[in-house]
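> fold the stuff below for me.
(chains A and B)
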Amino acid sequence: MTSRHDVVIVGGGIVGCGAAFHLTRAGAKVLLVEQGDPNRRASGQNAGSMHFQLEHRLLEHGGERSAEFAQIIPLSLAAMEDWRGLEALLAADLEVVMHGGLMVAESDDDVALLEFKHAIESKWALPTSLLTGDEARRQATYLGPRVRAAGWCEHEGHANPRLVGPAYLRAALEQGLELATHTEVRGLERRGDEWHLRLATLDDAGHRVQEVTTRNVLNAAGAWMAEVARLAHLHLPVFAVPLQMNVTARSAPLIGHLVQHVSRRLSIKQVHDGNVLIGGGWPARFARDRDGGVDFAARPLPVAAHVRGNLGVAADVIPAVRELSWLRTWTGTVAVTSDQLPLLGEVPEAPGFFVAGGGSTFTLGPTCARLISRLILEGRSPLPIDLYSPARFSHINGFMASAG
Amino acid sequence: MTSPGAPAAVTGLAIVGGGPAGMAAARLAVDHGADVTVIDEQPRVGGQILRQPPRGVEVTDWLPGAVYRNVRRTLAEIENDPSVDWRLRSSAVALLPQGNGHGVELWLDTPEGLQAVHAQTVLLAPGCHEQPLHFPGWTLPGVMGAGALQSFVKSQQLVPGRRFVLSGSHPLQLVVAEQLLRAGAEIAAVAFTQRPWAGLRLLATPMVALRAHRQLSAAAAAMWHLRAAGVPVLFGHSVVRARGEESVSAAVVAPVDADGHPDLRRAREFECDRIGVCHGFRVSSELARQAGARVAWSTRRGGWLVAHDAWYRSSVDRLHVAGEITGMAGADAALEEGRIAALGALRQIGAIDAAGAEALAGPVRRRLARLHRFADVLTRLSAPPGNLAAHLADDETLLCRCENVSVASFDRAVDDNAFIVTADAAKLLTRAGMGLCQGRLCGEQVARRLERRRGLATGAAGALHVNLPVRPVRLGAAVGDED
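Purely as a prediction, here's the structure:
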């Protein structure tokens, strides 16, 4: 038996659940397919930062590249608005806190980098300002004496990533979303103007296979985006990156902002429950399988030196964290595109095949979900998204799609 | 990790846990010329069974019973051996298998900060911890594990309270009650969830010469002594609520049926300031799980047991296991398992050949088979009613005491998010299991409640994933303190 849908979404993370919400709200018949439990991978495991200042990862490769990365700013500006309205939209407490964020500098080089960053941001109308070390410490009394300067963005903050995806999903289910969890996409091909998907659901009885048909496919599979695209005979340059994060036990209020570092890997914040989350893009490593190969599906393994490194940067910037209890280090796999800009749009070589994700996907998730839904429903996005279109990889898919 | 990039200390065999399994393994490994490091959280080895008095404290007539004979002999044989690298007051908080035969890195939380040890091979023998029971009032000060009460009496003959109620399903509570009584405590009551005939039927089976076995005969002797002293020993009863404002002032005890359902109309109150809960133990397999070892669920034998082969090798290369984490079987069995696991580890590092190991293992395996048969009977005898915890908890009862997650709020989250089917996902959604104890106390109930509400089989919700460090570490100690 084949069922027909307007949209099949692959991936139950923040983007997939968010798009399911927007699409079903508009009355579309939508199926969301998730290989495990929803929101269990990067969308639920990331540290929940809403960072809008240009990040360390976008600055570390120098001037010209950084100017390119500034193209992310229009999405960031939209994301600020989306986050401010999200709890009301979903009628859910998501622990959204937007009390501002600081990007700190310790050395002369750091200060120069901060000024360079600020100049780019000003050009793109991102509201940031520069603070001296003392100004920063007045704003954020917990910062230590090593902080020489800081970039300030009043819109930054954090939300609880464990709550956002499920809140979208609950609302979407109320609006009629069909959900298939513990279900893998095994086949994905276009026949005429429809897509046919073969789905395998793992339950107590073993694998149950079904076929579904849809006008549109939204690939929101995060670190598995490239794999899903390959089923449709397309290449997407999205790479799975293993990262690790750390959390302390709950403690009294200490850190009131999102704090990042301009040249070292650090993001630190204190969440609603009192835990301090410490991350910033420190790599974990992929697990090995029994034959010595790499097991991308398994939970990545933490790297000892990077735990120490990450906690060390945190202690340099905020000395008071030394007295907290390091409770847990966990790992997850995120998706990063080859040019570090998000992928958002329809693949020109495969009409009806949409992609969304691939970089800063928690911060930009609600916005990506909203814009891609409008693109699917109305054929155009309310905000220009050509900068993030998969069309920029047409030089690869020109080979692929024509063979499909 | 005392300074960045400093090389880790190197050892041949690192043994985590200085209880019976760890001590017996250390003795055997040292005798075969291995470099042995023993890591234990206590200032002296011996494990929970032989909780020792601090050095310099004289305790007369320390643990005289026959139950302790074999383990005390092993303790005497190893404790003062200078060829062992003793790492006491140290907690192994992470195991990082290096793969491809490169051994295992261990992180130790020590009084000197976080330190790394690199071992050719590791033997995990961390034992077990007590299982709490989630009844209304279980988090009031004064509600403790019976084993925790016992450790006070054992090590220093301290009586940690005035008037005690013990409640559970494990015969250990008789021994604890008697030790408390001898040390000067009042015992208000001892309640067993089982009805007496259930235990008697098992005792009547021709399995082993049970009545002659040391543990059970110690429990039987304790029961006579308690009854002679006028202590009520109730069968088919359980504590169903702890009363008190700041701390426990009374225990409400009621009859329970075979499923664990209490009959509250027939409840009685016992005034007391301590309630000792004795529903048996859960194995401390969190380090093994953190390292990625395969585990399998067994309600009766202690929870998530580490899978192993005939030489007690786990599924992770160079990670050996022994003692309770392979299935609750008691101290004497742990001694023998420690010996076999040590032989397996010695084979791994080339300190003994296969024939030599086989010859030594033969008699140990025969003794162990006998002990395992007895342990099987004891675990059957001491199994609590299947759904006791589910029946006793009310809406306000805390499911997760570290994160203050009530039963009602957990159930609501599970009902509101029908797409959640794993314990890990439930943890992420509710915070139950995310706190200081890392789910050791509530993880099982998180899974059971989720499974009951979803109509899933026991164990189907999976184990909570264990991250490092398995115990919290002061952040300053982890990064190296500034002077």
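
> could you use CA atoms for every contact and neighbour count after this?
OK.

> what parts of chain B come near chain A?
B:4, B:100, B:416-417, B:419-422, B:425, B:428-429, B:435-436, B:467-479 (CA under 8 Å from any CA of the partner chain).

> inside strands: which ones of the residues you listed?
Taking DSSP state E as the definition of strands, the residues of chain B next to chain A contribute B:473-474.

> make a ChimeraX selection of the buried ones in the residues of chain B next to chain A.
Applying 16 or more other CA atoms under 10 Å in any protein chain shown to the residues of chain B next to chain A, the buried members can be selected in ChimeraX as follows:
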select /B:417,419,420,421,422,425,428,429,435,436,467,468,469,470,471,472,473,474,475,476,477,478,479
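
> strands along the stretch 151-300 of chain B, start to end?
B:163-168, B:186-192, B:233-235, B:237-243, B:250-255, B:268-271, B:274-278, B:281-283, B:295-298 (DSSP state E, counting those that start in this stretch).

> what does the stretch 251-400 of chain A give?
Under DSSP E, counting those that start in this stretch, the stretch 251-400 of chain A gives strands at A:258-261, A:267-270, A:276-283, A:287-288, A:294-295, A:325-337, A:343-346, A:353-357.

> which strands or helices does the lengthiest strand in chain B pack on?
If each strand of chain B is counted by residues according to DSSP E, the longest one is strand B:113-124. With contacts taken as 3 or more CA pairs under 8 Å, 6 or more residues apart in numbering or on different chains; DSSP states H and E, strand B:113-124 sits against strand B:9-16, strand B:104-110, strand B:319-321, helix B:331-348, helix B:475-479.

> contact partners for the residue most central in space within chain A?
Central residue of chain A (CA atoms, centre = their mean): residue A:361, 1.7 Å from the mean position. Residues counted as contacts of residue A:361 (CA atoms under 8 Å, 6 or more residues apart in numbering or on different chains) are A:14-15, A:43, A:342.

> rerun that using 10 Å as the cut-off
A:13-15, A:42-43, A:46, A:50, A:222, A:334-336, A:342, A:367-369 (CA atoms under 10 Å, 6 or more residues apart in numbering or on different chains).

> where does the stretch 151-300 of chain A have low pLDDT?
A:204 (pLDDT under 70).

> residue of the stretch 251-400 of chain B closest to chain A, please.
residue B:291 (9.2 Å; CA to the nearest CA).

> surely that residue touches residue B:467?
Yes - contact criterion CA atoms under 10 Å: residue B:291 and residue B:467 qualify, at 8.9 Å.

> between these two, what contacts are shared?
Counting by CA under 10 Å, 6+ apart, the residues touching both residue B:291 and residue B:467 are A:301, B:94.

> kindly export the longest strand of chain B (C-alpha atoms) in PDB.
Taking C-alpha atoms only, strand B:113-124 is exported to PDB below (Å, rounded to 0.1, in the frame of the first residue of the first chain):
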ATOM      1  CA  GLY B 113      43.900  16.300  41.400                       C
ATOM      2  CA  LEU B 114      43.000  14.400  38.300                       C
ATOM      3  CA  GLN B 115      45.700  12.000  37.200                       C
ATOM      4  CA  ALA B 116      46.000   9.700  34.300                       C
ATOM      5  CA  VAL B 117      47.300   6.100  34.400                       C
ATOM      6  CA  HIS B 118      48.000   4.100  31.300                       C
ATOM      7  CA  ALA B 119      47.500   0.400  31.700                       C
ATOM      8  CA  GLN B 120      48.300  -2.500  29.400                       C
ATOM      9  CA  THR B 121      45.100  -4.000  30.600                       C
ATOM     10  CA  VAL B 122      42.400  -3.200  33.100                       C
ATOM     11  CA  LEU B 123      40.400  -5.300  35.500                       C
ATOM     12  CA  LEU B 124      37.200  -3.700  36.600                       C
END
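
> pull up the pairing partners for it, direction included.
Partners of strand B:113-124 in the sheet, by DSSP bridges, are strand B:9-16 (parallel), strand B:104-110 (antiparallel), strand B:319-321 (parallel).

> for it, what is the average pLDDT?
Mean pLDDT, computed over strand B:113-124, is 94.

> contact partners of the very next helix or strand once past that strand?
Next helix or strand after strand B:113-124 toward the C-terminus (DSSP states H and E): strand B:128-130. Identification of contacts with strand B:128-130 by CA under 10 Å, 6+ apart yields B:48, B:144-148, B:277-285, B:302-303, B:323-325, B:327-328, B:440-441.

> including mean pLDDT, could the helices and strands packed on strand B:113-124 go into TSV?
Below are these laid out as TSV (pLDDT from 0 to 100):
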stretch	mean pLDDT
strand B:9-16	91
strand B:104-110	94
strand B:319-321	97
helix B:331-348	96
helix B:475-479	93
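
> deepest-packed of the ones you listed, please.
Each of those was scored by mean neighbour count; the highest is strand B:319-321, a mean of 29, by mean count of other CA atoms under 10 Å in any protein chain shown.

> off-centre distance for it?
17 Å (CA atoms, centre = their mean, to the nearest Å).

> could you dump the strands paired with strand B:113-124 to a markdown table with distance to residue A:118?
Output for these, formatted as a markdown table (distance: least, CA to CA, whole Å):
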| stretch | distance to residue A:118 |
| --- | --- |
| strand B:9-16 | 47 |
| strand B:104-110 | 42 |
| strand B:319-321 | 52 |
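
> quick check: which of the ones you listed is nearest to residue A:384?
Ranking the strands paired with strand B:113-124 by proximity to residue A:384 (CA to CA) places strand B:104-110 first, at 50.8 Å.

> pretty sure residue A:203 contacts residue A:184?
No - with contact taken as CA under 10 Å, residue A:203 and residue A:184 are classed as non-touching, separated by 11.8 Å.

> looking at those two, which is more packed in?
Shown here are residue A:203 and residue A:184; by other CA atoms under 10 Å in any protein chain shown, residue A:184 has more neighbours (21 against 11).

> quick check, that one in contact with residue A:36.
Yes - assessed by CA under 10 Å, residue A:184 is found in contact with residue A:36 at 8.4 Å.

> need the overlap of contacts for those two.
By CA under 10 Å, 6+ apart, the residues touching both residue A:184 and residue A:36 are A:11, A:201-202.

> which of the residues you listed fall in strands?
Those of these lying in strands (DSSP E): A:201-202.

> nearest to residue A:150, of the shared contacts of residue A:184 and residue A:36?
The closest of the shared contacts of residue A:184 and residue A:36, once distances to residue A:150 are taken by CA to CA, is residue A:11, at 37.3 Å.

> pLDDT score for that closest one?
98.

> how many residues are close by the nearest residue to it once chain neighbours are set aside?
Leaving aside its chain neighbours, residue A:11 sits nearest to residue A:221 (4.2 Å; criterion: CA to CA, 6 or more residues apart in numbering or on different chains). The local packing of residue A:221 (other CA under 10 Å) involves 27 other residues.

> so residue A:221 sits against residue A:38, correct?
No - no contact is recorded between residue A:221 and residue A:38 when judged using CA under 10 Å, the distance being 11.2 Å.

> shared neighbours of these two, anything?
Counting by CA under 10 Å, 6+ apart, the residues touching both residue A:221 and residue A:38 are A:11-14, A:16.

> any weak-confidence spans in chain B?
B:1-8, B:51-54, B:56-64, B:66-67, B:197-214, B:482-483.

> what residue is smack in the middle of it?
residue B:128 (1.7 Å).

> look up how far residue A:77 lies from the nearest residue to it once chain neighbours are set aside.
Nearest in space to residue B:128, with sequence neighbours left out and distances taken as CA to CA, 6+ apart, is residue B:283 at 4.0 Å. Separation of residue B:283 from residue A:77 (CA to CA, to the nearest Å): 51 Å.

> ditto for residue B:108
For residue B:108 relative to residue A:77 (CA to CA), the value is 46 Å.

> okay, and the beta partners of residue B:254?
Here residue B:254, judged by DSSP bridges, has bridge partners residue B:238.

> so which elements touch the lengthiest helix in chain B?
Determined from DSSP state H, the single longest helix within chain B is helix B:354-381. Helix B:354-381 sits against helix B:196-203, helix B:331-348, with contacts defined as 3 or more CA pairs under 10 Å, 6 or more residues apart in numbering or on different chains; DSSP states H and E.
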